[in-house]
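J.: From the sequence below, what's the structure:
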Amino acid sequence: MKDFIIKLRKMAGFSQEELAQKLGFSRPTLIAMEKGDRDITISELKKISEIFDIPIEILLDEELSTTQKIEFHDYSEKSFTKFVNLVLECIKFGAADDGKITKTKLAKLVYLCDFANYYNFLKPISGLEYRKLPQGPVAIEYFDMIDNNESIAVDKKDRVQMVSLLEKPDENVFTKEEIKLIKAVCDKWKKSTTTEIVAFTHKQIPWMICKDREVIPYTLINNEAPENVY
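T.: Modelled structure (predicted):
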């Protein structure tokens, strides 16, 4: 059950904070639920059923919950490892002189790197799915990874979450071309504000074509002019 709820949340594009708010309790409570440390009540199951528009019978039936009646995107360990290190690389090369970068700007750098690599080589760096969220395209795994990665520090400054690097990324997971592209993307946006990079992604074809919370196909970036890729 706990794994099924995690998959439902990620498929719908909700962060832990967003789903917790919809369910009417705190994020730590949801985390305990997803880890299996807390039982789920019938009333909570009804809310989950309504939020994801899934019959409660499927939620109650463990066998149904683990079948392929609902299709999920499963990522390889290699893909997720590259995604984690891509995030770390973007902090390394894209942060300000104090080593910090806003959580939102970082998410946009990661997105631009993945889609720019697809534009250049018809292959993304990580291959994770990105969805159209209010602050721009983002991989849903990004939220939980940032909050639970020991290589990253997150603190708040004037209500804005700032991210900094505690451990160096493993550059061995990337090709020379990928490292070169990551540096190029970060160098271009290093001195820009979060608002500026968000506005840029909102003007791109992938953002404009897709619906809210819809998965953004990598192929859409091929419709951009070269100067608008990143």
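
J.: make it CA atoms for all contacts and neighbour counts henceforth
T.: Noted.

J.: separation between residue 101 and residue 152?
T.: Distance of residue 101 to residue 152, computed by C-alpha to C-alpha, to the nearest Å: 11 Å.

J.: Over to residue 110?
T.: 15 Å.

J.: higher neighbour count, the two?
T.: Under the neighbour definition other C-alpha atoms under 10 Å, residue 110 and residue 152 were set side by side, and residue 110 has more, 28 against 18.

J.: Before we go further, that one is sitting in a helix, right?
T.: Yes - counting by DSSP: H, G, I helix; E, B strand; the rest coil, residue 110 is found in a helix.

J.: which one is residue 208 nearest to, not counting chain neighbours?
T.: Among residues not flanking residue 208 along the chain, residue 202 sits closest, at 6.7 Å (C-alpha to C-alpha, 6 or more residues apart in numbering).

J.: Do I have it right that that neighbour meets residue 134?
T.: No - using C-alpha atoms under 8 Å, residue 202 is not in contact with residue 134; the gap is 9.5 Å.

J.: between those two, which one's more packed in?
T.: residue 202 (17 against 11).

J.: Model confidence score at the more buried one, please.
T.: The per-residue pLDDT reported for residue 202 equals 96.

J.: Could you do the one 3 residues further on as well?
T.: In this model, residue 205 is scored at 96, pLDDT.

J.: What of residue 158?
T.: 73.

J.: now it: how far from residue 214?
T.: Distance, residue 158 to residue 214, using C-alpha to C-alpha: 31 Å.

J.: do the same with residue 34
T.: In terms of C-alpha to C-alpha, residue 34 sits 23 Å off from residue 214.

J.: How is the chain partitioned into domains?
T.: 2-65, 77-228 (automatic domain parsing).

J.: weakest of the ones you listed in terms of mean pLDDT?
T.: For those, the bottom mean pLDDT is recorded on domain 2-65, which sits at a mean of 81.

J.: Quickly list what's touching both of residue 101 and residue 152.
T.: 163, 164 (C-alpha atoms under 8 Å, 6 or more residues apart in numbering).

J.: Look up which residues are beta-bridged to the spatially most central residue of the chain.
T.: Geometric centre of the chain, nearest residue: residue 139, 2.3 Å, by C-alpha atoms, centre = their mean. Under DSSP bridges, the beta-bridge partners of residue 139 are residue 130.

J.: Check whether it really touches residue 129, as I assumed.
T.: Yes - Residue 139 sits in contact with residue 129 when judged by C-alpha under 8 Å, with a separation of 5.7 Å.

J.: Please enumerate the shared neighbours of those two.
T.: By C-alpha under 8 Å, 6+ apart, no residue touches both residue 139 and residue 129.

J.: residues contacting residue 131?
T.: Contacts of residue 131 were listed using C-alpha under 8 Å, 6+ apart, and they are 13, 137, 138, 139, 140, 212, 213, 214, 215, 216.

J.: Which of these sits closest to residue 230?
T.: Comparing the contacts of residue 131 against residue 230 with C-alpha to C-alpha places residue 137 closest, at 13.1 Å.

J.: element containing residue 153, please.
T.: Assigned by DSSP states H and E, residue 153 falls within strand 152-157.

J.: what distance separates that strand from the centre of its chain?
T.: Relative to the chain's own centre, strand 152-157 is displaced by 17 Å; criterion: C-alpha atoms, centre = their mean, to the nearest Å.

J.: So which residues lie in contact with it, not counting its own?
T.: So strand 152-157 is contacted by 88, 146, 147, 161, 162, 163, 164, 165, 166, 167 (C-alpha under 8 Å, 6+ apart).
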